[in-house]
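Asker: Provided below for reference: sequence and predicted model.
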Amino acid sequence: MSVNLKRVLITTLVLALGLVILLSVFQGAGKRGSSGSSGPARTPVDSGQDASAAAPGPTADETEPAPGAADQPTDVRPAIGAAPDPAEIGQVPPAEGERTGLHFREQPPEALIPLGDLEGDANASRLRLEFSPFGAGIAQVTLADYYRTRARVADDRYTFFEGSSPRRPVMGLRRVSIEGQRIDAYDETANLQPYTFRQIAAGEFEAVVVDADDRPVLTITRRYELGPAEGQITLRQRLRNETSAPLTVQVEQWGPGDLPYLREGYGDYRRVRFGYLDPRDREVVLASESDFLLGRHEVIKRAIESARETGDAADSNLVWPNETSRKNNYALSWVATTNRYFGFAVHRAVDDPRQTAARSLDQVARVEVWVESRGETRLSAVPTEEIDTRFMSLKLVGSPMPLAPLQERPLDLGLYAGPLRGTLLTQQQPYRAFNLKELIVYQLGCAWCTFQTLTHFLLWFLRLIEGDVITLGGVGLGVHDWGVAIIILVLIVRVILHPLTKKGQVSMQRLSRNMAKLQPEIKKLQEKYRDNPKKLQQEQMALYREHNVNPAGCLGLLPMFLQTPIWIALYAMLYFAIELRQQPAFYGVFQIFGNWSFLADLSQPDHFIDFGRSFHLPLLGWAVSGINALPILMGVIFYLQQKYLTPPNPNMTPEQEQQQKIMRIVFPIIFPLFLYAAPSGLTLYIITSSTIGILESRYIRAHIDALDLDRESAAASARAVKQVANVAPRHRRER
């Protein structure tokens with residue numbers, strides 16, 4: 001087999017292996033999103049039915065029992081203390097047809113005042129909350145320092161939950177259960193605006209549960225506070241027993257919901273996340289990637305599939321606790337939803353983060369997944385292809401708690417709404433105490449094949465070059481441009497790999513010359529042993545040993561193989577690192593020309609020509625919003641690189657020449673097409689690396705030409721022949 005054919009085969013195998021790794025990375029990045037693992041065997045299902053239901057039927061949201069119904073949630077424990085006097089809490093059975101049970105006192109409609117100022121420095125948390133009349137929940141969170149687009153205009157600030165289900169507002173109170181009787185804060189099936197909470201001040205609300213005679217039974221106050229840390233929100237809740245009898249109360253409220261979906265790119269990376277406390281070390285908050293990092297698309301899909309199998313069983317929408325958390329006795333520390341760059345987390349409100357006992361979110365007994373059904377009576381009726389258009393929200397169900405007569409108990413929660421930025425979540429409290437840096441996952445498809453440790457190191461190193469890590473006199477020492485930092489990273493990697501690259505190319509050149517000299521001998525052996533392949537292989541190996549030729553010792557492709565993990569890790573880092581979001585390359589020089597979109601955002605494709613809107617390619621499923629020049633340039637450089645590194649060989653057969661031509665055409669097309677929608681920072685890295693590789697090859701070839709490889713090969717062959725001659729007499733004497 002000629003050296004050129006071996007080179008073709010080895011190159012094909014290495015590139016195919018790299019392509020397989022890339023495909024395994026992105027195979028989950030399409031419509032189904034990325035979960036990092038398969039998750040629990042029976043993934044939580046939104047059945048649209050309350051956990052107390054016992055058999056298939058219409059959802060609980062559609063057929064809620066009227067106030068006063070005697071059904072009790074399955075996890076409600078017996079009341080603590082003496083049973084209350086029914087007359088004290090308005091549960092004396094009325095005459096038939098009269099209104100029965102407890103209910104929220106209705107309030108007159110009013111305009112709700114937002115909390116937080118997006119201008120100036122008065123708002124330390126740098127956000128604004130807008131509220132919903134449905135359970136005094138959060139309708140929208142607007143960040144002051146982040147924007148939807150790179151235009152960065154005031155009316156284009158980044159918002160959470162916009163367009164979400166209005167009847168499932170984030171952190172909105174859904175219902176309370178008093179002595180097993182469920183009282184809804186609002187009717188989810190009605191079209192009327194439910195005003196059960198009275199607005200006391202901006203971000204402060206009060207609601208009262210009364211009996212049939214309008215006597216107060218339970219007062220609920222909710223007050224939202226902002227700061228002092230960026231993105232920090234505190235929900236102060238108080239439950240007060242207004243009766244002279246002890247009560248057992250259970251609270252259900254909506255938790256985090258869907259965050260905005262960035263449609264440009266390879267897939268939906270919205271996730272549901274959990275942090276928990278290891279019982280062996282209460283100081284450490286962990287977040288498992290195997291069971292508690294769930295892809296949003298897969299959660300909803302398996303929920304629908306499970307609902308179809310079980311008939312919307314009531315317990316199928318549970319996501320916490322799961323089998324793993326029960327088996328290991330994990331305590332919930334926080335629950336969150338994230339998208340590509342931002343996260344919304346719920347944890348316990350703590351005044352002193354050093355109190356380790358306060359890191360357990362024991363106010364929440366279970367977490368369920370609910371999906372907007374849009375009029376369907378069952379989740380099982382939701383078409384699977386409409387998953388991406390449905391709104392998902394989490395429901396937090398509290399543990400039953402006793403309230404003595406006239407007693408008031410707190411039920412405070414801490415919230416985080418902000419960027420997934422490591423410098424924020426690892427340095428500021430209380431995020432550091434809760435280890436919320438676990439929300440940051442540079443993961444595409446799976447954890448091991450995106451080299452998590454390498455991604456974190458690359459980001460740290462790029463930040464070091466760019467200038468965020470080391471400062472002098474308050475000024476960063478770096479280049480202060482992420483595009484320049486990426487090019488410097490390429491130079492450093494190429495310098496580190498240069499000795500190996502040089503050794504590999506020298507060995508390839510030596511092998512090529514030796515194999516060319518052996519071609520006549522190899523052809524003779526092929527003619528002689530054409531009917532005996534095994535003997536032919538043995539004679540060829542003997543010929544190689546005689547002339548000190550080792551085809552397996554070629555290291556020419558090893559540097560390319562070693563760079564593959566860097567490319568994959570860099571892709572994941574550039575795709576998820578918010579530090580590069582909306583950051584231009586080369587100090588924004590291209591934006592001087594009429595705010596040109598070219599390389600205006602290193603986390604997005606280069607947008608040489610911007611269409612202004614995105615559309616999906618029918619076969620690949622990618623969201624494309626413009627013509628990108630860097631992938632096309634990368635294909636041209638790949639073609640020139642292969643043409644330069646694999647020149648035609650006169651000893652090649654017509655079949656080998658045809659294979660080489662195919663490779664020169666296929667690979668410069670496959671990789672640019674595959675990376676067409678990749679972040680421009682990655683294509684910039686590959687183009688720079690390939691260009692430097694061509695220049696490096698010219699330098700190495702000049703060095704090779706200065707060496708007398710023919711003399712070295714002859715000397716090596718003479719040594720091999722001499723060694724064989726010395727070994728043969730010794731074998732004869734031993735016999």
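Answerer: All right, it came through fine.

Asker: so where do the helices sit in the stretch 401-550 of the chain?
Answerer: Here the stretch 401-550 of the chain has its helices, by DSSP state H, counting those that start in this stretch, at 422-425, 452-466, 482-528, 533-546.

Asker: Save the ones you listed as JSON lines, and put in distance to residue 146 too.
Answerer: C-betas here are computed from N, CA, C, even on glycine. Shown next, in JSON lines, are those (distance: least, C-beta to C-beta, whole Å):
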{"stretch": "helix 422-425", "distance to residue 146": "12"}
{"stretch": "helix 452-466", "distance to residue 146": "19"}
{"stretch": "helix 482-528", "distance to residue 146": "17"}
{"stretch": "helix 533-546", "distance to residue 146": "62"}
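
Asker: So for residue 211, which of those sits nearest?
Answerer: Closest approach to residue 211 among the helices of the stretch 401-550 of the chain is made by helix 422-425 (46.2 Å; C-beta to C-beta).

Asker: Just the buried positions in that closest one, please.
Answerer: Within helix 422-425, the residues scored as buried using 16 or more other C-beta atoms under 10 Å are 422, 424-425.

Asker: Include pLDDT when you put the residues you listed into a markdown table, please.
Answerer: Formatted as a markdown table, the buried residues of helix 422-425 follow (pLDDT from 0 to 100):
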| residue | pLDDT |
| --- | --- |
| 422 | 89 |
| 424 | 92 |
| 425 | 92 |
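
Asker: could you measure the closest residue to residue 509 other than its chain neighbours against residue 510, distance?
Answerer: Using C-beta to C-beta, 6 or more residues apart in numbering and skipping residues adjacent in sequence, the residue nearest residue 509 is residue 704, 5.1 Å away. Relative to residue 510, residue 704 is positioned 9 Å away (C-beta to C-beta, to the nearest Å).

Asker: same check, this time on residue 301
Answerer: The gap separating residue 301 from residue 510 is 55 Å, by C-beta to C-beta.

Asker: Those two - which one has more neighbours?
Answerer: Neighbour totals were compared for residue 301 and residue 510, and residue 510 leads with 22 against 17 (other C-beta atoms under 10 Å).

Asker: unless I'm mixing things up, residue 487 is touching residue 689, no?
Answerer: No: the criterion here is C-beta atoms under 8 Å, and residue 487 misses it with residue 689 at 9.6 Å.

Asker: Can you list the neighbours in contact with the helix or strand harbouring residue 637?
Answerer: Element membership of residue 637, judged by DSSP states H and E, is helix 629-645. Helix 629-645 has contacts (C-beta atoms under 8 Å, 6 or more residues apart in numbering) with 598, 605-606, 608, 663-665, 667-669, 671-673, 675-676, 678, 680, 683-684, 686-687, 690-691, 693-694, 697.

Asker: what element comes up after it heading to the C-terminus?
Answerer: Once the chain leaves helix 629-645, the next helix or strand it forms, by DSSP H and E, is helix 654-674.

Asker: What residues sit buried inside the helix or strand just after that next one?
Answerer: Using DSSP H and E, the helix or strand that follows helix 654-674 in sequence is helix 680-706. Neighbour-count burial for helix 680-706 flags 680-693, 696-697, 700, 704 (criterion: 16+ other C-beta under 10 Å).

Asker: Equivalent analysis for stretch 231-250, please.
Answerer: 231-237, 239, 241-243, 245-250.

Asker: go on, stretch 151-169?
Answerer: Within stretch 151-169, the residues that qualify as buried by neighbour count (16+ other C-beta under 10 Å) are 157-161, 164-165, 167-169.

Asker: and if you look at stretch 176-192?
Answerer: Neighbour-count burial for stretch 176-192 [16+ other C-beta under 10 Å]: 176-186, 188.

Asker: From those residues, which shows the smallest pLDDT?
Answerer: Lowest in pLDDT among those is residue 188, which has 71.

Asker: ranges for the helices of the stretch 201-350 of the chain?
Answerer: Under DSSP H, counting those that start in this stretch, the stretch 201-350 of the chain gives helices at 296-310, 323-328.

Asker: I'd like to know which elements the last one is packed against.
Answerer: If contacts are counted by 3 or more C-beta pairs under 8 Å, 6 or more residues apart in numbering; DSSP states H and E, helix 323-328 sits against no helix or strand.

Asker: State the mean pLDDT of it.
Answerer: The average pLDDT within helix 323-328 is 87.

Asker: Just the CA coordinates for it, please, in PDB.
Answerer: Extracted C-alpha coordinates of helix 323-328, given in PDB (Å, rounded to 0.1, in the frame of the first residue of the first chain):
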ATOM      1  CA  GLU A 323     -35.600   8.300  42.800                       C
ATOM      2  CA  THR A 324     -32.000   9.400  43.300                       C
ATOM      3  CA  SER A 325     -32.800  12.100  45.800                       C
ATOM      4  CA  ARG A 326     -35.000   9.700  47.900                       C
ATOM      5  CA  LYS A 327     -32.300   7.000  47.800                       C
ATOM      6  CA  ASN A 328     -29.500   9.300  49.000                       C
END
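
Asker: List the buried residues in it.
Answerer: residue 325.

Asker: same thing with stretch 456-467?
Answerer: 456, 458-459, 462-463, 465-467.

Asker: can you check stretch 487-496 too?
Answerer: 487-490, 493-494.

Asker: Same check on stretch 101-115?
Answerer: Applying 16+ other C-beta under 10 Å to stretch 101-115 flags 101-105, 107, 112, 115 as buried.

Asker: Give me the local confidence score for residue 713.
Answerer: 51.

Asker: quick one: residue 442 and residue 453, what's the gap?
Answerer: Taking C-beta to C-beta as the measure, residue 442 and residue 453 are separated by 10 Å.

Asker: More neighbours: these two, which one.
Answerer: Shown here are residue 442 and residue 453; by other C-beta under 10 Å, residue 442 has more neighbours (23 against 8).

Asker: In this structure the more buried one contacts residue 452, no?
Answerer: Yes: counting by C-beta under 8 Å, residue 442 does reach residue 452; the two are 6.4 Å apart.

Asker: on that earlier part again, and the buried residues of stretch 176-192, which two are the farthest apart?
Answerer: Pairwise distances across those peak at 22.8 Å for 179 and 188 (criterion: C-beta to C-beta).

Asker: Do a quick rundown of the strands in the stretch 151-300 of the chain.
Answerer: Ranges of strands in the stretch 151-300 of the chain, per DSSP state E, counting those that start in this stretch, are 157-160, 173-178, 181-184, 198-201, 204-210, 216-226, 232-241, 247-257, 271-277, 285-286, 293-295.

Asker: what does stretch 104-120 contact?
Answerer: The contact list for stretch 104-120, computed with C-beta under 8 Å, 6+ apart, reads 123, 125-133, 142, 144, 154, 157, 183-186, 193, 195-199, 201-203, 207-210, 214, 224, 226.

Asker: State the mean pLDDT of stretch 625-640.
Answerer: Across stretch 625-640, pLDDT averages out at 88.

Asker: Flag every buried residue along it.
Answerer: The neighbour-count check on stretch 625-640 (16+ other C-beta under 10 Å) flags 625-626, 628-635, 637-638 as buried.
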